[in-house]
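Participant: Pasting the sequence and the predicted model now:
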Amino acid sequence: MQFELDQRQAQWRHELDAFLDENVTEDLISEIKSLPLHHTRGPHQDAFHAKVVAKGWTALTWPEEYEGLARGAIDLLIALEAFGERGIIFPRQFLAGTIIECGTEANKKEWLPRMRTGEIRLALGYSEPDSGTDLASLKTRAVRDGDEWVISGQKIWNSGAHLSTHEWLGVRTNPDAPNRAGISIIIVPIDSPGISIQEIRTWGDYRTNIIFFDDVRVPYGNLIGEENEGWRYITSALEVERVSLGVPVASKHVVEVIAEEVLAADHCSAARAETVIRMQAEYEVARLLAFRAGSLVDNGYAGSPLPQMSKVFTTEMRSRVGDVGMDLLQEKSLLRHRTATGELGEVEFLYRNAPFLLFGGGANEVLRDILFKLSGSRDWAEL
Amino acid sequence: MDLTLDAHEHEVSKASRSLLSQLMSEETLRLIEDAQNAEAVRKVMLGIGSGDWLAAPDEREDLFSRLSFFAESGAALVPGLASMAVGAAMLADLRDDEALRAELESGTALVSALAGYAVGSRGPALTLDERGPGGPRLRGIVPMVEFGAIADVFFLLAQDAVDPNRQACVLVDTRRPQVEGQVERHGRSTFGNDFRADLHIDIDLRPDEVVCASDQPELWSKSRSVRDVIAAIRLVECAGGARAVTRRTVNYVNTRHQFGKPLAQFQAVKQRAANMLILSEGAFLLASEALAKVSDGVPRPVELEWAKSWVARAYKDVTLSAHQLHGGMGYARESGLFRWSERAKLRQLELEADVDMSLFVNERTRLSA
């Protein structure tokens, strides 16, 4: 096992850092910090995104035949860390992986080039008011009418719909088939007549949406892959992309803020120091689990339970950092995010938005079931 | 960065399996683990001390791989014995003590190396006064020394009687006639069954039995690295043990039937087993990273301190979950599960108390860049 970046990986990290040094300007950071979270995107972010596109990095893990850079999971993790340490989300469209794995050649020609440039941005339209964890029970209906689909229904927790150009929509195309068997994926332009969006504000300050489809018509060719095969597409993703679920870098800065506040105090008790040290240790464990997941993928070992382990551990670690962090900071933790002087407000912000990822991106209870099952598929400890 | 095992690591793991079966039988293991049989311990130490166990530093990672495997295989006490042997060999080399080295390799001396409880973080329990005409005088009580009841030779830490900033590493050979009888061992049955005893010491040492002191930076730094190596082996023990317990538990819940189906089909069971899988994987990774840094000779690696603060606790939590999932079948001593459970809690107490706080509080070490 090698715990340090090798020469090529170190060069990659250096390339990323050099790009970020040049292009993460004060204006960009100010814009990110001043705009409401996930509510809008400003001109500096658009310009920055264009530069990332020009580097080809939005297609970092795509196969070369689709204008991708064909890089592996570890390279993706390195990029996520580099960007994340600057407070920037590495831009990628993970649904491209599903199109690459499962789409028709026509799908790939139609969507991938414009997804790579960001001209098309997809919002994930899966959950419905009565279909959350039990996604297979979804009811939004798509009926074929000549060479069009007619779509009716609604989706909830549709984060990003207000910032996206298209919906990646899970729809029921065969109501007579058992749940999972009658689902398809159709891409729907969000500016189509019959679509309306309603904002939902969350405890974590994120904006999400309900989106209503009232006899919305889209071309038949917007179907991804084959009709009624959608469940397979929903549960697939490029193996290399799964590993990104557990990258902990978004909480690194908060761990450091807490450590600085607690350990640098005049009288830091052993108990408080131990708590902070253990917090740092958990961050490192989360990081190692993500890189272990990536290592297994890059070495050709598909289907490991590591991505699920990584996601569960990292999201629960984040939750503990917020919770325990507030315990350690006591009254200072009450300073609100973005109104606090300094960065202490990051702690209460983490406390509020950590719960979302415990059920979002795959509820941790479901992921535990899956990883338990996958752990028996081979002796992963031998690898 | 590649967190998969390479071909060499696979080979070492395979070789370890045959070495374990040569090293001890189930009967020997029981004698050590349950009956506190000193002769059985000596026999195992003979096996550990011979040949390539006491490896050169550049082969140390192989040693650690073997020990992890041993811990996984159920020989829970063996890594502790091995950590003593390795630490002792390193300290013998530090003082160019070929005679002691030979005794270690032949298994004729059982040596306890730096094994007082929380040896680092709480400060030495002994004082060393080098002013007297009779030579250095060593006094004090060292609590809960591992193998304290049966070891022949001890490497211990002492505080200088005059200078509060000076510490020393000393050798106490209980076989020396002048020493024999002046080291009182107050042994009793202790949690973890590793022959612990409080050592009550009031002896004159020979000058050469002061191995090194903190005002000798190079030697002191080397003695410090011995403590890191011992800690790294213990962490490897924890990681291996956590994996062993998890594997055993997953097998159990897949085969044990209740209400007409395997326990593994109950969601609460799956959830708990999944937590064990996550903890044992995390423990393996963090312990492996710590030992990699120690093996590479990194001085005072922060990863080692993180691992001390987390790995053994994860191991302990895994064992408690294992008891819950095994129910009565695991609670019976016959199952052997308790062996891991006691080692886990023992290691948690010991390693957490040994975290070098100064690295974080004084030197403000943070997450790596």
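Facilitator: Nice, I can see it.
Participant: Wait, residue A:246 touches residue A:290, no?
Facilitator: Yes: assessed by C-beta atoms under 8 Å, residue A:246 is found in contact with residue A:290 at 4.5 Å. Every C-beta, even on glycine, is put in place using the N, C-alpha and C of the backbone.
Participant: And these two? Which one has more around it.
Facilitator: Between residue A:246 and residue A:290, counted using other C-beta atoms under 10 Å in any protein chain shown, residue A:290 has the larger neighbour count: 30 against 27.
Participant: Could you tell me which residues make contact with that one?
Facilitator: Residue A:290 sits next to A:77, A:243-244, A:246-248, A:310, A:314 when contact means C-beta atoms under 8 Å, 6 or more residues apart in numbering or on different chains.
Participant: who touches both of residue A:246 and residue A:290?
Facilitator: Shared contacts of residue A:246 and residue A:290, defined by C-beta under 8 Å, 6+ apart, are found at A:310, A:314.
Participant: just to revisit the earlier point, which of the contacts of residue A:290 fall within helices?
Facilitator: Applying DSSP state H to those, the entries found in helices are A:77, A:310, A:314.
Participant: Break the chain down into its domains, please.
Facilitator: I went with chain A, as the question did not name one. In terms of domains, chain A is parsed into A:7-93, A:122-234, A:237-382 (source: automatic domain parsing).
Participant: my bad, chain B
Facilitator: With domains defined by automatic domain parsing, chain B comprises B:7-110, B:113-215, B:218-361.
Participant: Relative to the whole chain's centre, how far out is the longest strand anywhere in chain A?
Facilitator: Longest strand in chain A, counting residues (DSSP state E): strand A:207-219. Centre-to-centre, strand A:207-219 and its host chain are 22 Å apart (C-alpha atoms, centre = their mean, to the nearest Å).
Participant: State which helix of chain A is the longest.
Facilitator: helix A:270-298.
Participant: Contacts (any at all) between chain A and stretch B:315-324?
Facilitator: No: Stretch B:315-324 does not reach chain A (C-beta under 8 Å from any C-beta of the partner chain); its nearest approach is 12.7 Å.
Participant: Now that stretch - C-alpha only, CSV.
Facilitator: C-alpha atoms of stretch B:315-324 as CSV (Å, rounded to 0.1, in the frame of the first residue of the first chain):
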residue,chain,number,x,y,z
TYR,B,315,-11.7,-2.3,17.7
LYS,B,316,-13.4,-2.1,21.1
ASP,B,317,-16.7,-1.0,19.6
VAL,B,318,-16.5,-3.9,17.1
THR,B,319,-16.0,-6.4,19.9
LEU,B,320,-19.0,-5.1,21.8
SER,B,321,-21.2,-5.3,18.7
ALA,B,322,-19.9,-8.8,18.2
HIS,B,323,-21.1,-9.8,21.6
GLN,B,324,-24.5,-8.3,20.9
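Participant: pLDDT score assigned to residue 87?
Facilitator: Here I'm looking at chain A. pLDDT recorded at residue A:87 is 89.
Participant: ah, I was thinking of chain B
Facilitator: At residue B:87, the predicted lDDT confidence score is 83.
Participant: and if you look at residue A:356?
Facilitator: On pLDDT, residue A:356 comes in at 87.
Participant: I'd like the distance between the nearest residue to it once chain neighbours are set aside and residue A:192.
Facilitator: Distances taken as C-beta to C-beta, 6 or more residues apart in numbering or on different chains put residue A:204 closest to residue A:356, at 5.4 Å, once the chain neighbours are dropped. From residue A:204 across to residue A:192, the span is 30 Å (C-beta to C-beta, to the nearest Å).
Participant: what about these two, which has more around it?
Facilitator: Taking other C-beta under 10 Å, residue A:204 and residue A:192 do not tie; residue A:204 has more neighbours (18 against 14).
Participant: Same list (the domains of chain B) but as JSON lines, adding mean neighbour count.
Facilitator: Shown next, in JSON lines, are the domains of chain B (neighbours: other C-beta atoms under 10 Å in any protein chain shown):
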{"stretch": "domain B:7-110", "mean neighbour count": "19"}
{"stretch": "domain B:113-215", "mean neighbour count": "18"}
{"stretch": "domain B:218-361", "mean neighbour count": "21"}
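Participant: Pull up the residues of the stretch 1-150 of chain B that are close to chain A.
Facilitator: For the stretch 1-150 of chain B, the residues in contact with chain A (C-beta under 8 Å from any C-beta) are B:1-6, B:9-10, B:13.
Participant: distance between the ends of stretch A:85-101?
Facilitator: 31 Å (C-alpha to C-alpha, to the nearest Å).
Participant: Could I get the buried residue list for that stretch?
Facilitator: A:85-86, A:88, A:90-100 (16 or more other C-beta atoms under 10 Å in any protein chain shown).
Participant: Quick one: the residues you listed as CSV, columns for secondary structure too.
Facilitator: Output for these, formatted as CSV (DSSP: H, G, I helix; E, B strand; the rest coil):
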residue, secondary structure
A:85, coil
A:86, coil
A:88, coil
A:90, coil
A:91, coil
A:92, coil
A:93, coil
A:94, coil
A:95, helix
A:96, helix
A:97, helix
A:98, helix
A:99, helix
A:100, helix
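Participant: which stretches of the chain have low pLDDT?
Facilitator: Picked chain A for this. Residues of chain A meeting the criterion pLDDT under 70: A:37-39, A:237-241, A:340-341.
Participant: wrong chain, I was asking about chain B
Facilitator: Using pLDDT under 70, the flagged stretches of chain B are B:12-38, B:40-77, B:116-122, B:181, B:368-369.
Participant: just the strands in it please.
Facilitator: For chain B, the strands defined by DSSP E occupy B:111-113, B:126-129, B:137-145, B:153-160, B:167-173, B:183-187, B:197-204, B:210-213, B:257-258, B:261-262.
Participant: list the helices and strands the fifth one packs on?
Facilitator: Taking 3 or more C-beta pairs under 8 Å, 6 or more residues apart in numbering or on different chains; DSSP states H and E as the contact definition, the neighbouring helices and strands of strand B:167-173 are strand B:126-129, strand B:153-160, strand B:197-204, strand B:210-213.
Participant: In contact with residue A:296, which residues?
Facilitator: Residue A:296 makes contacts with A:304, A:306, A:380, A:383, B:4, as judged by C-beta under 8 Å, 6+ apart.
Participant: Distance check, it against residue A:302.
Facilitator: Residue A:296 is 8 Å from residue A:302, by C-beta to C-beta.
Participant: still on that earlier bit, could you dump the contacts of residue A:290 into CSV and include distance to residue A:215?
Facilitator: Shown next, in CSV, are the contacts of residue A:290 (distance: C-beta to C-beta, whole Å):
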residue, distance to residue A:215
A:77, 44
A:243, 40
A:244, 37
A:246, 41
A:247, 41
A:248, 44
A:310, 42
A:314, 42
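Participant: Among those, which one lies nearest to residue A:114?
Facilitator: Proximity of the contacts of residue A:290 to residue A:114, judged by C-beta to C-beta, is greatest for residue A:244, which lies at 22.1 Å.
Participant: tell me the contacts of the closest one?
Facilitator: Neighbouring residues of residue A:244 by C-beta under 8 Å, 6+ apart: A:76-77, A:80, A:94, A:290.
Participant: Need the max-distance pair from those residues.
Facilitator: Spatially, the most separated pair among the contacts of residue A:244 is A:94 and A:290, at 15.1 Å (C-beta to C-beta).
Participant: would you list every one of the helices in the chain?
Facilitator: Here I'm looking at chain A. Remark: helices assigned in chain A by DSSP H are A:7-23, A:26-34, A:43-55, A:73-84, A:95-102, A:105-117, A:230-235, A:239-242, A:252-263, A:270-298, A:306-329, A:345-359, A:364-375.
Participant: nope, chain B
Facilitator: Here chain B has its helices, by DSSP H, at B:7-23, B:26-35, B:38-49, B:60-73, B:78-94, B:98-106, B:217-255, B:267-295, B:302-326, B:328-331, B:337-353, B:358-361.
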